[in-house]
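**Q** Following is a predicted model, sequence given first.
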Amino acid sequence: MAKKDDSKVFIGKKKSMDYVMAAMLVLSEKPVKLLARGRSISRAVDVAEILRNKFLQGSSYGEILITTETITDNDGTTTNVSSIEIEIIPQKK
C-alpha cells in the first residue's frame, strides 16, 4: 500500500492565502512542494513568493520542476498541459 505524501500542496482555484496556510502547516515539520497545472501555475508562484517574503524570511527554493503532460480527452483529442513543482525549504534553526 502506497503512503500518502503529505508534504505536497496541490494548487487549484481557491484563494492564494488558503494554500499559504496549508503550506505553513507542512513547513513546520519539513520542506513543502507546491504543485500546479495549467492556469494555476501563476497562483503557485504567488503562493511561493508570499511564503518566502512574508512568512518565512530566510527560507529558500529547492528543486523546481517544469513539465508538460499530454492528456487525452474522452473524444480522443490530445492536449498539452504545463505543470510546475516548487519546493520550499524552511530556514534551519
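**A** Happy to help now that I have it.
**Q** next helix or strand past the helix or strand harbouring Ser42?
**A** Element membership for Ser42, per DSSP states H and E: helix 41-50. The C-terminal neighbour of helix 41-50 among helices and strands, as given by DSSP H and E, is strand 60-72.
**Q** For burial, what's the neighbour tally of Leu27?
**A** Other residues near Leu27 number 20, with proximity taken as other CB atoms under 10 Å. Quick note: C-beta positions are derived from backbone N, CA and C, even for glycine.
**Q** what's the answer for Pro90, then?
**A** Count around Pro90 with other CB under 10 Å applied: 19.
**Q** can you check Met21 too?
**A** By other CB under 10 Å, neighbour count at Met21 equals 12.
**Q** which helices and strands sit right next to the helix holding Ser42?
**A** Packing contacts for helix 41-50, counted by 3 or more CB pairs under 8 Å, 6 or more residues apart in numbering; DSSP states H and E, involve helix 16-27, strand 32-37, strand 78-89.
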